[in-house]
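1. The sequence isn't on hand, but the structure is:
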């Protein structure tokens, strides 16, 4: 089997009642009438200013960073990431990333894979190219982006690791499992091809298929230019979108309308104390302490509420 050098950029929707910079309802439900939960801020109207960032979103982002073993930065500065696309009403995305900003968390490790960074940002709107219509219900939703080191070598490793990541994030009650995840996959063959980024893949099956196709394509076609591609599920292949952007293409500048977020040790420690035991720790405890066979223990740990209910009952009843 051909091996590649693979890294991931994973976008997760945080569970909050309101959007990141306004009081509009943060809904990720499908079938909602377009442009229902909107205001001048999340529509990018001229003169509209952001509110203070959603506290719950900041707390959940920090907890995710802690779960991933990251060092949490205490001074978080917002930046404007510029690009021209119909789904971005302001012409820039507000994000805690870029060369002039510090990330929420850095230098982590999860499941043997390095975590380069984790940052908080707003989601753009939803644009339908066939009709030209833009739905701003999604604009301004709080997103966490997790960027891994290129430590994977094949699609199988990526899919298994992502399953473990989603399971652990489910224990945190931080991300909306119904909304799913969006993953950008970076792939190249070491020493032979340049890095290709495959954008916005939204299922584990498609992620695996896209990686396998791209490694095979690069092995046969080569590639000396960095590209951004998309996965065409119907054709079962990746398609070129554009040449790969560099950081300077996004024209990052510090966000003048938002103050820096300053975290202290007490705040970070309080969030760490609230993180539940991981599924792996729960599994080991069920097998060792409660003498549950592995098959049934694995069923119990699928849902945090179920395993915690079992533990509370088992403290009183055999």
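-> Now that the structure is in, tell me what you want to look at. Just so you know, these numbers come straight off a predicted model, no measurement behind them.
2. Enumerate the beta-bridge partners assigned to residue 187.
-> Using DSSP bridges, the bridge partners assigned to residue 187 are residue 6, residue 196.
3. Neighbours of it, how many?
-> Close neighbours of residue 187, defined as other CB atoms under 10 Å, add up to 27. Where C-beta positions appear, they are placed from N, C-alpha and C, glycine not excepted.
4. And residue 24, by the same measure?
-> Using other CB under 10 Å, residue 24 is surrounded by 21 other residues.
5. Now do the contacts for it.
-> 18, 37-39, 41-42, 140 (CB atoms under 8 Å, 6 or more residues apart in numbering).
6. swap in residue 135?
-> So residue 135 contacts 34-35, 125-128 (CB under 8 Å, 6+ apart).
7. how far away is it from residue 127?
-> According to CB to CB, to the nearest Å, residue 135 stands 8 Å off from residue 127.
8. what do you get for residue 108?
-> To residue 127, residue 108 is 33 Å away according to CB to CB.
9. cool, and residue 202?
-> With CB to CB as the criterion, residue 202 and residue 127 are 16 Å apart.
10. between the contacts of residue 135, which is nearest residue 49?
-> The closest of the contacts of residue 135 to residue 49 turns out to be residue 125 (CB to CB; 18.4 Å).
11. how close does the closest one sit to residue 177?
-> Distance from residue 125 to residue 177, by CB to CB: 22 Å.
12. Tell me which of those two has more neighbours.
-> residue 125 (23 against 13).
13. Contacts only, for the more buried one.
-> 87-89, 134-139.
14. how does it look with 7 Å?
-> 87, 89, 134-136, 138-139 (CB atoms under 7 Å, 6 or more residues apart in numbering).
15. Most neighbours among the contacts of residue 24, which one?
-> Sorting those by how many neighbours each has (other CB under 10 Å) puts residue 140 first, at 29 neighbours.
16. before we move on, the earlier item: which one's more surrounded, residue 108 and residue 127?
-> residue 108 (23 against 14).
17. and that one, which of the three is it?
-> Under DSSP: H, G, I helix; E, B strand; the rest coil, residue 108 falls in the strand class.
18. dump the residue contacts of it.
-> Contact partners of residue 108, counting by CB under 7 Å, 6+ apart, are 65, 68-70, 115.
19. Strands of the stretch 51-200 of the chain, start to end?
-> In the stretch 51-200 of the chain, the strands defined using DSSP state E, counting those that start in this stretch lie at 71-72, 75-76, 79-82, 92-95, 105-110, 113-122, 126-128, 133-135, 142-148, 181-188, 196-201.
20. Out of these, which gets nearest to residue 278?
-> Taking those one by one with CB to CB, strand 105-110 is closest: 10.0 Å.
21. Just checking: what are the partner strands of that closest one?
-> Using DSSP bridges, strand 105-110 pairs in its sheet with strand 71-72 (antiparallel), strand 113-122 (antiparallel).
22. quick one: that strand to strand 142-148, angle?
-> Counting by axes from the mean of the first three to the mean of the last three CA atoms, to 10 degrees, strand 105-110 lies at 60 degrees to strand 142-148.
23. residues of strand 105-110 that come out buried?
-> By neighbour count with 16 or more other CB atoms under 10 Å, strand 105-110 contains the buried residues 105-106, 108, 110.
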